[in-house]
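A.B. asks: what follows is a predicted protein model with its sequence.
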Amino acid sequence: MEAILKKIEDLAILHDKIDPKTIKEKNIKLGLRNEDGTGVFVGITSKGQVIGYEKVTRGDGIESVNPIPGKLYYCGYDVDDLVAGKEREKRFGFEETIYLLLTGELPSGTDMEKFSRELGKRRALQREVKEIIFNRPQHDDQMGALHTIVSAMHLFDKNPNSTDLRHVIRQCIDLIAKFPTIIAYNYQFTTMKKKDLKQLVEPDPELSTSENFLAMLTGKKPDSLTADLFDTMLVFHAEHGGGNNSTFSTRCVSSSGANTYMALCAGIGSLSGHLHGGANEAVVKMTSDIKKKVRDWEDDEEVAAYLEMILDKKSGDKSGKIYGLGHAVYTVSDPRAVYLENRAKELAQAAGREKELALLRKIAAVAPRLVKKKKGKVVCTNVDFYSGFVYRCMGIPKELFTPIFAMARVSGWSAHRIEEIVQGKIIRPSYVSSLKGKKSFIPLSQR
């Protein structure tokens with residue numbers, strides 16, 4: 001078996017690896033990115049807008065891309081304003097964000113009350129779903145477990161394959177409500193010594209999504225600081241435009257006429273990849289490594305020297321990456337990271353992690369300068385740079401970092417699924433052949 005696997009691996013590398021010259025000659029937009037790093041336009045959306053640069057036309061008519069401070073908009077509303085609004089009014093904001101993404105409009109007080117009540121009613125899982133969770137093989141792959149349960153949810157739907165908009169909206173709202181419960185129960189199953197359904201904490205329809213998830217996870221209602229900041233994290237992760245990998249995957253599958261469960265599972269599958277959903281875990285590992293290897297965390301030169309070794313692939317995981325740094329769109333700043341850096345201090349003090357936060361801030365100050373010097377790129381810290389630290393201060397285990405991302409982003413996936421169905425055109429890009437010409441068939445006996 002090993003010999004044939006090795007041969008297939010070698011042949012795959014031989015035939016599938018593409019010469020960069022070929023990509024340039026044929027003007028291939030690899031990864032659907034333009035040569036200047038900007039995304040190729042393949043669709044249109046009213047849901048999310050991510051801004052990190054501006055195109056400027058010089059006097060000679062040549063266009064250039066200028067980095068600018070990052071902005072994130074949901075249906076035309078600045079996310080910073082959504083968060084500031086809910087904080088000013090001392091309320092939770094994730095439910096409002098879900099409604100905004102699904103409808104394109106902010107809810108009235110009456111609509112907000114009705115919608116929140118509907119989410120609350122739909123959070124509980126049927127006994128049969130809990131039994132599926134408890135009867136699956138024991139493993140700690142939380143994203144795989146989420147994928148399994150969400151794909152199984154079609155079994156409890158009378159019209160699972162309907163693409164009628166009313167059915168799709170009902171299914172999306174149902175899954176948005178149930179994701180936190182599924183994620184909490186999947187994790188609890190892996191930590192229970194004695195498997196007993198009675199140990200599971202039932203969701204409280206009167207609590208917010210944030211309060212509910214934290215209460216199901218710990219067995220007690222969270223303090224207001226933790227619940228409010230976790231709610232903000234959900235708002236920040238709810239949507240990020242149609243081009244991010246998991247949302248685009250959801251749109252692709254939706255465009256084929258597949259059902260809601262399969263489409264949202266495509267988003268889960270994409271987010272499980274380490275290049276999309278696992279960056280905050282990588283930041284936590286990298287920070288732990290720096291804490292062990294750097295003697296004086298407060299010494300700029302010592303921290304800079306070690307970060308340079310990481311970039312030179314001489315330390316860390318030898319990937320050459322400083323995790324939590326850089327973004328496909330944001331250049332000067334990620335607005336979510338800016339907010340979290342400002343709010344993290346209060347949380348770090350409560351958790352006794354002030355020194356660790358100081359180290360993160362030092363990395364955030366030093367690393368972009370090193371990348372600019374070595375690679376000539378303008379980069380900033382992204383939301384993942386701080387999110388893992390924030391979750392750890394809340395006592396949330398790292399195994400749940402990416403599922404929590406999915407818990408928030410399912411609202412964006414759902415909004416894009418609905419938009420894709422309304423627009424109604426199958427996504428089908430073209431691929432250029434890498435072959436030089438046709439091959440003549442050789443009989444098996446002569447090979």
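C.D. replies: Okay, I see it.

A.B. asks: roughly how far does residue 59 sit from residue 65?
C.D. replies: Distance, residue 59 to residue 65, by Cβ to Cβ, to the nearest Å: 17 Å. From N, CA and C alone the C-beta is placed, and that goes for glycine too.

A.B. asks: which residues in the stretch 151-300 of the chain form strands?
C.D. replies: With DSSP state E, counting those that start in this stretch as the criterion, the stretch 151-300 of the chain has no strands.

A.B. asks: show me which of residue 59 and residue 65 is the more surrounded one.
C.D. replies: The residue with more neighbours, out of residue 59 and residue 65, is residue 65; 15 against 5, by other Cβ atoms under 10 Å.

A.B. asks: mind checking the SS state of the more buried one?
C.D. replies: Following DSSP: H, G, I helix; E, B strand; the rest coil, the label given to residue 65 is strand.

A.B. asks: correct me, but it touches residue 34?
C.D. replies: No - here residue 65 lies out of contact with residue 34, judged by Cβ atoms under 8 Å, at a distance of 9.3 Å.

A.B. asks: tell me how far stretch 407-419 lies from the chain's centre.
C.D. replies: Relative to the chain's own centre, stretch 407-419 is displaced by 12 Å; criterion: Cα atoms, centre = their mean, to the nearest Å.

A.B. asks: then stretch 305-322?
C.D. replies: Distance of stretch 305-322 from the chain centroid (Cα atoms, centre = their mean) equals 24 Å.

A.B. asks: number of residues surrounding residue 170?
C.D. replies: 17.

A.B. asks: that one: what's it in contact with?
C.D. replies: Applying Cβ atoms under 8 Å, 6 or more residues apart in numbering to residue 170 gives no contacts.

A.B. asks: against residue 118, how distant is it?
C.D. replies: Using Cβ to Cβ, residue 170 is found at 10 Å from residue 118.

A.B. asks: before we move on, what about residue 366?
C.D. replies: Residue 366 sits at a distance of 48 Å from residue 118 (criterion: Cβ to Cβ).

A.B. asks: quick one: which of those two has more around it?
C.D. replies: Neighbour comparison, residue 366 and residue 118: the larger count goes to residue 366, with 19 against 15 (by other Cβ under 10 Å).

A.B. asks: now do the contacts for that one.
C.D. replies: Counted by Cβ under 8 Å, 6+ apart, residue 366 has contacts 300, 303-304, 307.

A.B. asks: try residue 176
C.D. replies: By Cβ under 8 Å, 6+ apart, residue 176 lies in contact with 98, 119, 410-411, 414.

A.B. asks: give me the buried stretch members for the longest helix along the chain, please.
C.D. replies: In terms of residue count, the longest helix belonging to the chain (DSSP state H) is helix 165-191. By 16 or more other Cβ atoms under 10 Å, the buried positions in helix 165-191 come out as 167-189.

A.B. asks: element containing residue 367, please.
C.D. replies: Assigned by DSSP states H and E, residue 367 belongs to helix 354-375.

A.B. asks: what is the mean pLDDT for that helix?
C.D. replies: The average pLDDT within helix 354-375 is 92.

A.B. asks: cool, stretch 385-393 as well?
C.D. replies: On average, stretch 385-393 scores 93.

A.B. asks: same check on stretch 284-301?
C.D. replies: Averaging pLDDT along stretch 284-301 gives 89.

A.B. asks: give me the contact list for it.
C.D. replies: Contact partners of stretch 284-301, identified using Cβ under 8 Å, 6+ apart, comprise 302-303, 306, 310, 315-317, 322-324, 355-356, 358-360, 362-363, 366, 388-389, 392, 398.

A.B. asks: going by neighbour count, list what's buried in it.
C.D. replies: Neighbour-count burial for stretch 284-301, with 16+ other Cβ under 10 Å as criterion, is recorded at 284-287, 290, 294, 297.

A.B. asks: could you list the domains of this protein?
C.D. replies: Per automatic domain parsing, the structural domains of the chain span 72-273+400-423, 279-393.

A.B. asks: out of these, nearest to residue 17?
C.D. replies: Of all these, domain 279-393 sits nearest to residue 17, with 18.9 Å by Cβ to Cβ.

A.B. asks: start to end distance for the closest one?
C.D. replies: Start and end residues of domain 279-393 are separated by 17 Å (Cα to Cα, to the nearest Å).

A.B. asks: low-confidence ranges, the stretch 151-300 of the chain, go.
C.D. replies: The stretch 151-300 of the chain contains no residues with pLDDT under 70.

A.B. asks: which one among the contacts of residue 176 gets closest to residue 444?
C.D. replies: Closest approach between those and residue 444, by Cβ to Cβ: residue 410, at 49.6 Å.

A.B. asks: that closest one and residue 179 touch, don't they?
C.D. replies: Yes - applying Cβ under 8 Å, one finds residue 410 in contact with residue 179, separated by 5.1 Å.

A.B. asks: next, residue 68: secondary structure please.
C.D. replies: Of the three states, residue 68 takes strand under three-state DSSP.

A.B. asks: I'd like to know how many residues surround it.
C.D. replies: With other Cβ under 10 Å as criterion, residue 68 counts 14.

A.B. asks: show me the contacts for it.
C.D. replies: 51-54, 331-332.

A.B. asks: among the residues you listed, which lie within strands?
C.D. replies: Those of those mapping onto strands are 51-54, per DSSP state E.

A.B. asks: just among those residues, which is most surrounded?
C.D. replies: In terms of neighbour count, residue 52 stands highest of those at 24 neighbours, by other Cβ under 10 Å.

A.B. asks: related to what we said a few turns ago, and the domains of the chain as TSV, adding distance to residue 21?
C.D. replies: Below are those laid out as TSV (distance: least, Cβ to Cβ, whole Å):
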stretch	distance to residue 21
domain 72-273+400-423	27
domain 279-393	22
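
A.B. asks: residue 440: which of the ones you listed is closest?
C.D. replies: Distance to residue 440, taken as Cβ to Cβ, is lowest for domain 72-273+400-423 among these, at 35.7 Å.

A.B. asks: quick check: end-to-end length of that closest one?
C.D. replies: End-to-end distance for domain 72-273+400-423, by Cα to Cα: 23 Å.

A.B. asks: from the chain's centroid, how far away is it?
C.D. replies: 13 Å.

A.B. asks: stretch 65-83 now?
C.D. replies: Distance of stretch 65-83 from its chain centroid, counting by Cα atoms, centre = their mean, is 17 Å.

A.B. asks: buried ones in that stretch?
C.D. replies: Across stretch 65-83, burial judged by 16+ other Cβ under 10 Å covers 67, 70-75, 77, 79, 82-83.

A.B. asks: for stretch 100-110, same thing?
C.D. replies: By neighbour count on 16+ other Cβ under 10 Å, the buried set for stretch 100-110 is 100-102, 106-107.

A.B. asks: do stretch 138-158 as well
C.D. replies: Within stretch 138-158, the residues scored as buried using 16+ other Cβ under 10 Å are 142-143, 145-150, 152-154, 157.
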